[in-house]
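Peer 1: give me coordinates for this.
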Amino acid sequence: MILLIAEAFIGWVFGLRIEKSAGKKRLQSGLLAISVLIFLAILGGFKYTDFVFSNLNEAFGARLTVPSVALPLGISFYTFKLISYAADVYHDRVSAQKSFPVFLTYVICFHTILQGPIVRYTDMRKELDHRIMDRRTFSEGMYRFSLGLAKKTILADHMGTLANQLFPASRGIAAVSPASAILGSICFTLQMYLDFSAYSDMAIGLGRAVGFHYKENFNYPYIATSVKDFWRRWHISLSSFFRDYVYIPLGGNRRGFARQTFNLLAVWLLTGLWHGADWNFILWGLYYFVFIFLENLVARLRKGRAENSDDTSHAAPSIPARILGHLYTILVFNFGWVIFRFTDFKQLKTALSHFLNWSSGWQDVSILLTVKNNLFILILCVLVSTPLFSTLSHRAEIRMQEKRVSKNGFYAVRLAFAGICFVLAICALAGATYHPFLYNQF
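Peer 2: Sure, this is the predicted structure:
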């Protein structure tokens, strides 16, 4: 708490100084640079000291004592909130907040501080001073919170149990069959989305209950038809942060293809590092960089071919092309989560070797029995990862409006459903071992 309040105070003071220095560009730039360096130095000290010391010892045979620094809760998220605030004041997108208690409310807001979304000051400034809180906003918020809690405790935690059983992130990975590893990776892929999006649902719901409108953090990423599309839908607040505060300031795609590629490399290196202080996260970031670079290259070649043939049409991809694109994207992100899962490279190598022998182990009775016993919840998890249920709910509401039917019945059904979800979630919490949110460690 002391660290959090101290960093908030530093951000507040620098915001005021940056605004006061308007017209003195060099001074403004210096103040912005100093504030960003302070925040990154604090983040780096807590998050990456162990990583740096361990690698120095391994690479050069040094005997540095690894300090085992504890990682403060939420430091990655509130650091980015403070950096975005300083940058927005510098670019005159927002006026500096004069009241420290109000600014502290923005920084310390507990709904989003642990796992996001990364809420910018520009999105909260009006509601920090004036927001509407009534029965409707409270009920809408708690409905969203209840669904998120159920998604976490009933679905995500169950997928986590299956993933640990079929695809353990430990030395036990050597003993599992390729079939078990592949099925376990699918369970982990489902757990990653259900767990993280559940937290976002809960944070957005709690914010809505007290009058804050946080932006959506997910848009059904597992229905994406390309890797670029996947990252437009996954952890949207992080992707947009790197786009607006790293990629575009570096030049974006305005300085040619080579510079655009360099800018993407910088973004994906930082994305990997932000997620964790281990080499597998850096590898994971570079892994996605390669696919996005290839997709950009293909799009560039197609554009050049179309210009040479004077074909100015931009027909939508055919259904077979969309299906193939979707299957390709599923393979990419499922394999990507395998890299993400293993911080130990020896275990990662063993896990990846299972995928090369994918055809063996499918006759294992225990695996077939596990799938059979969990088939219903597996199907439910897949369906929840699509817009099916939200589409059905939206259409039902529209149909009631068209027929001028009272909304009371519709909302009564929603209330009953939320109540059932909440009760089941509490039962799941009471009857299971502790399953922390996955992104707490990042």
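Peer 1: how near is G74 to V107?
Peer 2: 10 Å (Cβ to Cβ, to the nearest Å). Backbone N, C-alpha and C define where each C-beta goes, glycine included.
Peer 1: overlap of the contact sets of these two?
Peer 2: L4 (Cβ atoms under 8 Å, 6 or more residues apart in numbering).
Peer 1: ranges for the helices of the stretch 201-350 of the chain?
Peer 2: 227-233, 236-242, 257-275, 279-308, 319-341, 345-356 (DSSP state H, counting those that start in this stretch).
Peer 1: what's the longest one packed up against?
Peer 2: Which is helix 279-308. helix 227-233, helix 257-275, helix 319-341, helix 345-356 (3 or more Cβ pairs under 8 Å, 6 or more residues apart in numbering; DSSP states H and E).
Peer 1: ok, and the closest non-adjacent residue to P387?
Peer 2: Using Cβ to Cβ, 6 or more residues apart in numbering and skipping the chain neighbours, the partner closest in space to P387 is Y220 (5.1 Å).
Peer 1: distance of the one you found relative to P168?
Peer 2: Taken as Cβ to Cβ, the span from Y220 to P168 is 29 Å.
Peer 1: who has more neighbours out of these two?
Peer 2: P168 (19 against 16; other Cβ atoms under 10 Å).
Peer 1: just checking, that one touches A174?
Peer 2: No - contact criterion Cβ atoms under 8 Å: P168 and A174 do not qualify, at 9.7 Å.
Peer 1: where's the closest residue to L438 other than its chain neighbours, which helix or strand?
Peer 2: Closest residue to L438 apart from its sequence neighbours, by Cβ to Cβ, 6+ apart: D195 at 4.8 Å. Using DSSP states H and E, D195 maps to helix 178-209.
Peer 1: what's the average pLDDT for that helix?
Peer 2: Helix 178-209 comes out with an average pLDDT of 95.
Peer 1: and if you look at stretch 370-384?
Peer 2: For stretch 370-384, the per-residue pLDDT averages 95.
Peer 1: with just CA atoms, put it into PDB.
Peer 2: Provided in PDB are the C-alpha atoms of stretch 370-384 (Å, rounded to 0.1, in the frame of the first residue of the first chain):
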ATOM      1  CA  THR A 370     -11.600 -38.800 -18.700                       C
ATOM      2  CA  VAL A 371     -12.900 -37.300 -21.900                       C
ATOM      3  CA  LYS A 372     -16.200 -39.200 -21.600                       C
ATOM      4  CA  ASN A 373     -16.700 -38.200 -18.000                       C
ATOM      5  CA  ASN A 374     -16.000 -34.500 -18.800                       C
ATOM      6  CA  LEU A 375     -17.600 -34.300 -22.300                       C
ATOM      7  CA  PHE A 376     -20.500 -32.100 -21.200                       C
ATOM      8  CA  ILE A 377     -18.400 -29.500 -19.500                       C
ATOM      9  CA  LEU A 378     -15.800 -29.500 -22.300                       C
ATOM     10  CA  ILE A 379     -18.600 -28.700 -24.800                       C
ATOM     11  CA  LEU A 380     -20.000 -26.100 -22.500                       C
ATOM     12  CA  CYS A 381     -16.600 -24.400 -22.100                       C
ATOM     13  CA  VAL A 382     -16.200 -24.300 -25.900                       C
ATOM     14  CA  LEU A 383     -19.600 -22.800 -26.300                       C
ATOM     15  CA  VAL A 384     -19.000 -20.200 -23.600                       C
END
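Peer 1: what lies in contact with that stretch?
Peer 2: Contacts for stretch 370-384 (Cβ under 8 Å, 6+ apart): K151, L155, H158, M159, L162, Q165, L166, L183, C187, L190, L194, F389.
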